[in-house]
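S.K.: Sequence and predicted structure, then a few things I'm wondering about:
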Amino acid sequence: MGQAVLQIEGLRVSFRIRGNYYSAVDGVSLAVHRNEVLAIVGESGCGKSALALSVMGLHDPVKTRLEGSVLFEGADLLALDRRELNRFRGRKIGMIFQDPQSALNPLMTAGRQIGEALDYHTTLSAAQKKRRTLELLRMVGIEEAEAVGGRYPHELSGGLRQRVMIAIAIACEPALMIADEPTTALDVTIQAQIMDLLKELQRQTGAGIMLITHDMGVVAEMADRVAVMYGGELVETADATTLFERPLHPYTRSLLKSIPSLQAPDERLHVIRGMVPPLHLMPTSGCRFQSRIDWIPVSAHEERPQLREVEPGHWVRCTCYREFALAGNDSS
Ligand SMILES: Nc1ncnc2c1ncn2[C@@H]1O[C@H](COP(=O)(O)OP(=O)(O)O)[C@@H](O)[C@H]1O
Ligand SMILES: [Mg+2]
């Protein structure tokens, strides 16, 4: 594994809801290394975006309490003020969101927005900037760079908008890229192209990538390492091969079952019964997933389940998975 570009320690992100604070991220520690794709997976509502936004300092400071530390190039991002944070954001840390529409400025052409990213952070001449803008558009697979650069976001297809957003994110060759469900809104062909593109960019720049997704198929394609999140906590982390070969936590196993099978594409997708509870209903003791696996007796869950390293680099929370393996019944 390369050097860590991002080191998150004991991160807790709590939102104020009607006077009380509830933690959407509850004590997460993880690292992203150079040349690595770390996938963060979990169903909707598990705290993945709350985690990503805290790295970028994009939470509403009035309603959000942040605890722990987020180390990037020796600085704790949580301790920086907005101005200091801007030195990192967009330059050394590139961010790709699910919805390019909301990340792009509707009043500015694609080319100008890329130019502005370059403007803000580098000292290129106008001609150099123009050249670099076209180069970036071609890097993200846009052949007609000149034409596309001259268009406004609403004149572009979803796939092109996504590519423009990626071009902006990589404009300054960030050491870290955070991609939060980058292709969820796109069709599978474009999704595959964009994933290839991210891999290729990583080969060229050595960036570390934090890839957030609820799609285990994307994880299988892309990830070097996987962190599985449930109810604001990590429940399992391992390198991708280990996780797919020897998943231990019942939640991870359930997620893996939700991958559509190539052999039987018509087979109904396995869906995990129930839903991620809202923050104020999250269980406060025992395994947080226990309410969704009632065939494991409550006595099998620990009171305060901790992440433990069960083999080198493979961490699992809660010992309930042992019971789970005995039960041999993970379908609902
Ligand atoms: N700004 C906010 N204020 C209050 N609750 C929030 C806010 N953002 C997210 N949440 C809640 O935090 C939990 C985690 O949300 P999120 O991080 O968006 O999950 P994910 O990205 O994994 O789908 C959810 O229960 C969500 O409703
Ligand atoms: Mg999200």
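M.R.: Happy to help now that I have it. Given the structure is predicted, the values throughout are model-derived calculations rather than measurements. Residues are numbered from 1 along each chain as shown. Ligands and ions are numbered 1, 2, ... in the order given.
S.K.: could you list every residue that touches the closest residue to residue 66 other than its chain neighbours?
M.R.: If you skip the residues right next to it in sequence, residue 66 has residue 78 as its closest partner in space, 5.2 Å away by Cβ to Cβ, 6 or more residues apart in numbering. C-beta: built from backbone N, CA, C; applies to glycine. Contacts for residue 78 (Cβ atoms under 8 Å, 6 or more residues apart in numbering) come out as 54, 57, 66, 68-70.
S.K.: Next, format those as JSON lines and append neighbour count.
M.R.: JSON lines is the format used below for these (neighbours: other Cβ atoms under 10 Å):
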{"residue": "54", "neighbour count": "25"}
{"residue": "57", "neighbour count": "20"}
{"residue": "66", "neighbour count": "19"}
{"residue": "68", "neighbour count": "17"}
{"residue": "69", "neighbour count": "16"}
{"residue": "70", "neighbour count": "21"}
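S.K.: Is the strand or helix carrying residue 38 in proximity to ligand 2?
M.R.: Using DSSP states H and E, residue 38 sits in strand 37-41. No: using Cβ under 5 Å from the ion, strand 37-41 stays clear of ligand 2, coming no nearer than 9.8 Å.
S.K.: So what touches the helix or strand following that strand?
M.R.: Downstream of strand 37-41, the first helix or strand assigned by DSSP H and E is helix 48-56. Applying Cβ under 8 Å, 6+ apart, the external contacts of helix 48-56 come out as 6, 8, 11, 13, 15, 24-25, 28, 40-42, 59, 66, 70, 72, 77-78, 85, 89, 93, 95, 178, 180, 210, 212, 214, 229, 232.
S.K.: I'd like to know which of those residues are buried.
M.R.: Those of the contacts of helix 48-56 that meet the buried threshold are 6, 8, 11, 13, 15, 24-25, 28, 40-42, 59, 66, 70, 72, 77-78, 85, 89, 93, 95, 178, 180, 210, 212, 214, 229, 232, by 16 or more other Cβ atoms under 10 Å.
S.K.: Can you flag which of those belong to strands?
M.R.: Counted as lying in strands by DSSP state E, out of the buried ones among the contacts of helix 48-56, are 6, 8, 11, 13, 15, 24-25, 28, 40-41, 66, 70, 72, 93, 95, 178, 180, 210, 212, 229.
S.K.: Identify all contacting residues around the strand holding residue 38.
M.R.: Residues outside strand 37-41 that contact it (Cβ under 8 Å, 6+ apart): 30-32, 48, 51-52, 198-199, 202, 208-216, 218-219, 222-229, 240, 255.
S.K.: do you know how far the residue sitting nearest the centre point of the chain is from residue 111?
M.R.: Central residue of the chain (Cα atoms, centre = their mean): residue 212, 2.2 Å from the mean position. Distance, residue 212 to residue 111, by Cβ to Cβ, to the nearest Å: 28 Å.
S.K.: likewise residue 221?
M.R.: Look at residue 221 and residue 111: by Cβ to Cβ, they are 31 Å apart.
S.K.: Those two: who's more crowded?
M.R.: Set residue 221 next to residue 111 and count neighbours by other Cβ atoms under 10 Å: residue 111 wins out with 23 against 16.
S.K.: got a list of what the residue sitting furthest away from the middle of the chain touches?
M.R.: Farthest-out residue of the chain from its mean C-alpha position, per Cα atoms, centre = their mean: residue 127, at 35.3 Å. When contacts are counted by Cβ under 8 Å, 6+ apart, residue 127 touches no other residue.
S.K.: any chance you could read off phi and psi for it?
M.R.: phi -70, psi -40 (degrees, to the nearest 10).
S.K.: Residue ranges in the stretch 151-300 of the chain under the pLDDT threshold?
M.R.: Applying pLDDT under 70 to the stretch 151-300 of the chain flags the ranges 259-271.
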